[in-house]
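Novice: Structure for the following, please:
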Amino acid sequence: DAGYLAQHTIGFEELREKVREYTPEKVAAWTGMSPADVQKLAREYATVRPAVIRMNYGVQRSQNGGMASRTIAMLPCVTGSWKEVGGGFQLSTSGGFGLNNVALERASLMEKTLGRPARTINMVELGKALNEVNNPPVRALFVYNSNPAAVCPNHNDVIRGLLRRDLFTVVHEQFFTDTTDYADIVLPATTFFEHKDLQSAYGHYYLQVSNQAIEPLGECRSNTDLFRALADKMGLEDECLRDSDDEMIDQALDSPNAWLKEITRERLENEGHIRLNFHSGEFPTLVAKDATRTGHPQKGGSREPPLHEDGFFLPFANGGFRTANGKALLYNEELKKQGLDPVAEFIPPEESRHTVNAKAFPLELLARKADNFLNSTFSNLPALQLLEETGLLEISSADAEARGIQNGDTVRVFNKRGEIQLKALVDGKVSAGVVAAKLNWAKLTPGNRNINVLTSEKLSDMGNSATFYSVLVEVELFRRA
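Specialist: Below you'll find the model as predicted:
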């Protein structure tokens, strides 16, 4: 769509030149598709209307996940499908809520030091943080809203760190998880029945307040109640540390996002849920880095209301992307400064069948999500454990035959980080060269180890995120069924 590209993007000529490198034959060699199918998919996407891309979070969980996601998101700009009802691109609706996170996160508190600057440690690298960080080492760990002993990569290093005798670990939890097994103190946490919260969403545009239904059971406390109590005991005097839940909800809603116009806590409490107000027009495109504790995100331009004449939501039909100039950056100079291609580039992950590392570990492991759990949540329910059939490794018939493995055999899955024993499921669901297994609690998995003994702490190319899907392994027969 030449008109859309000219009006709402920057860098199309650079993109056009770049993609000449990626012939159908080259793409076919990487993906396992035939060159004819590569061409067919490209032509259908370019010509069929409307065309929408529904991407999920798995794309981001590889070493080149940021560039892959960025490149996919360029496509509706090239075809102009943002203008079409039913077209465009969707990952999550969460960005539309535009809550005032600046007021909630209070980055200014990090500027208050106790003799040295505050440190920020990436949770993905928890194993490294607990075992390698010095000057000074991490000596206290407070865990809430997470189960790192189950979900963090490089499980063996994480457990080695949690076992340190000089590490003081507090876990705020609802259940006895893998992580509570390593805690010095376990503090009981409320469930969503026992505390108030403001709920946005991943898949719709309704905002809601979930009111407290019952009083906290026993000694359970919510996150916010616990943090207020800790602030008092520690003698911290910052006013914001004593904000009530209602005050924090009010602060979150006090945003320049026009889609939140006239949405208040009182209305949410009375009405239950309210759809974002798309009729109100412009949306903030930038957040000020120097915003004060009471400051707002900064507006970066405006655009026409994102509604079709028939009332359909078309967020980028008239541009208005969240960039400094409101245009989609098909060429981004900032990426170049970070050592990345400013347009788009495919670089196989270090742990990929296309690299030299595949000589020792030739199979790509897809450490995939379970169907009946939410990450590690609900893993403790016996009924869901039965439904899930955990402890399985899906492997193609070709890879199984090459290794003398039959359906139901116990196999050893290993790489340089660790190993795990699983039961082989030989079926046609995974391609040759790929194996797949689901995440479960370690203590509910044979050998008290889950698939994260195999995953890496390597960070993604953008955003410093986890690379759970860039993992090479080998599989061998351990015991015949």
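Novice: So which residues make contact with stretch 377-389?
Specialist: Applying CB atoms under 8 Å, 6 or more residues apart in numbering, the contact partners of stretch 377-389 are 147, 150, 175-177, 370-373, 438, 440-441, 444. C-beta coordinates here come from the backbone N, C-alpha and C atoms, glycine included.
Novice: what about the longest helix seen in the chain, average pLDDT?
Specialist: In the chain, taking DSSP state H as the definition, the longest helix is helix 65-79. Helix 65-79 shows a mean pLDDT of 96 in the predicted model.
Novice: quick one: contacts for the nearest residue to residue 355 once chain neighbours are set aside?
Specialist: Spatial nearest neighbour of residue 355, excluding adjacent residues (CB to CB, 6 or more residues apart in numbering): residue 348 at 5.6 Å. Residues in contact with residue 348, defined by CB under 8 Å, 6+ apart, are 30, 64, 354, 355.
Novice: sec struct for residue 394, please.
Specialist: strand (DSSP: H, G, I helix; E, B strand; the rest coil).
Novice: Name whatever forms a beta bridge with it.
Specialist: residue 425, residue 436 (DSSP bridges).
Novice: Okay, now the unreliable bits of the stretch 101-250 of the chain?
Specialist: Scanning the stretch 101-250 of the chain for pLDDT under 70 picks out the ranges 112-115.
Novice: Can you show me the helices along it?
Specialist: 101-105, 126-131, 148-151, 155-162, 223-233, 245-253 (DSSP state H, counting those that start in this stretch).
Novice: Packing partners of the third one?
Specialist: Where contact means 3 or more CB pairs under 8 Å, 6 or more residues apart in numbering; DSSP states H and E, helix 148-151 is packed against helix 155-162.
Novice: and the helix it packs on, which residues are buried?
Specialist: Neighbour counts over helix 155-162 (16 or more other CB atoms under 10 Å) mark 155, 157, 158, 159, 161, 162 as buried.
Novice: Just the closest of those residues to residue 135, please.
Specialist: Taking CB to CB as the measure, residue 135 lies nearest residue 161 of the buried residues of helix 155-162, at 16.6 Å.
Novice: since we're on the residue nearest to that closest one when sequence neighbours are not counted, how many residues are nearby?
Specialist: If the residues on either side of it in the chain are set aside, residue 161 comes closest to residue 130, at 2.5 Å by CB to CB, 6+ apart. Residues lying near residue 130 (other CB atoms under 10 Å) number 24.
Novice: just use 18 as the starting number from now, easier for me
Specialist: In the new numbering, first residue 18, that becomes residue 147.
Novice: Residue 147 contacts residue 185, correct?
Specialist: No. Between residue 147 and residue 185 there is no contact under CB atoms under 8 Å: 11.9 Å.
Novice: can you list residues touching both of the two?
Specialist: residue 158.
Novice: How about the most centrally placed residue in the chain: what's its closest non-neighbour residue?
Specialist: For the chain, the residue sitting closest to the mean C-alpha position, by CA atoms, centre = their mean, is residue 74 at 6.0 Å. Leaving out its chain neighbours, the residue that sits closest to residue 74 by CB to CB, 6+ apart is residue 108, at 7.6 Å.
Novice: Look up phi and psi at residue 117.
Specialist: Main-chain torsions, residue 117, degrees, to the nearest 10: phi -80, psi 80.
Novice: re the thing from before, so who does the residue nearest to residue 74 touch?
Specialist: Taking CB under 8 Å, 6+ apart as the test, what residue 108 contacts is 72, 73, 74, 86.
Novice: ditto for residue 148
Specialist: Contacts here follow CB under 8 Å, 6+ apart; on that basis residue 148 touches 174, 177, 178.
Novice: Let's have those residues in CSV, adding distance to residue 340.
Specialist: Below are the contacts of residue 148 laid out as CSV (distance: CB to CB, whole Å):
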residue, distance to residue 340
174, 38
177, 43
178, 40
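Novice: Of those residues, just say which sits nearest to residue 207.
Specialist: Taking CB to CB as the measure, residue 178 is the one of the contacts of residue 148 closest to residue 207, at 28.1 Å.
Novice: Please name the residues that touch that closest one.
Specialist: 143, 144, 146, 147, 148, 184.
Novice: Confirm residue 396 sits in a strand?
Specialist: No. Secondary structure of residue 396 (three-state DSSP): coil, not part of a strand.
Novice: What is the neighbour count of it?
Specialist: 27.
Novice: give me phi/psi at it?
Specialist: Per-residue torsions, residue 396: phi -60, psi -20 (degrees, to the nearest 10).
Novice: ok, back up a step: tell me which of the contacts of residue 365 is nearest to residue 445?
Specialist: residue 47 (21.8 Å).
Novice: The closest one against residue 363, yeah?
Specialist: Yes. Counting by CB under 8 Å, residue 47 does reach residue 363; the two are 7.0 Å apart.
Novice: tell me which element the closest residue to residue 329 other than its chain neighbours is part of?
Specialist: Using CB to CB, 6+ apart and skipping residues adjacent in sequence, the residue nearest residue 329 is residue 102, 4.6 Å away. Following DSSP states H and E, there is no helix or strand that holds residue 102.
Novice: OK, contacts around residue 102?
Specialist: Residues counted as contacts of residue 102 (CB under 8 Å, 6+ apart) are 67, 325, 327, 329, 331.
Novice: buried subset of those?
Specialist: Listed as buried from the contacts of residue 102 are residue 331; burial here means 16+ other CB under 10 Å.
Novice: now the contacts of residue 102 as a markdown table including secondary structure, distance to residue 284 and pLDDT?
Specialist: Listed next are these as a markdown table, based on DSSP: H, G, I helix; E, B strand; the rest coil; distance: CB to CB, whole Å; pLDDT from 0 to 100:
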| residue | secondary structure | distance to residue 284 | pLDDT |
| --- | --- | --- | --- |
| 67 | coil | 34 | 94 |
| 325 | coil | 26 | 72 |
| 327 | coil | 27 | 73 |
| 329 | coil | 25 | 80 |
| 331 | coil | 26 | 87 |
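Novice: Specify which member of the contacts of residue 102 is nearest to residue 450.
Specialist: Using CB to CB, these come closest to residue 450 at residue 67, 34.7 Å.
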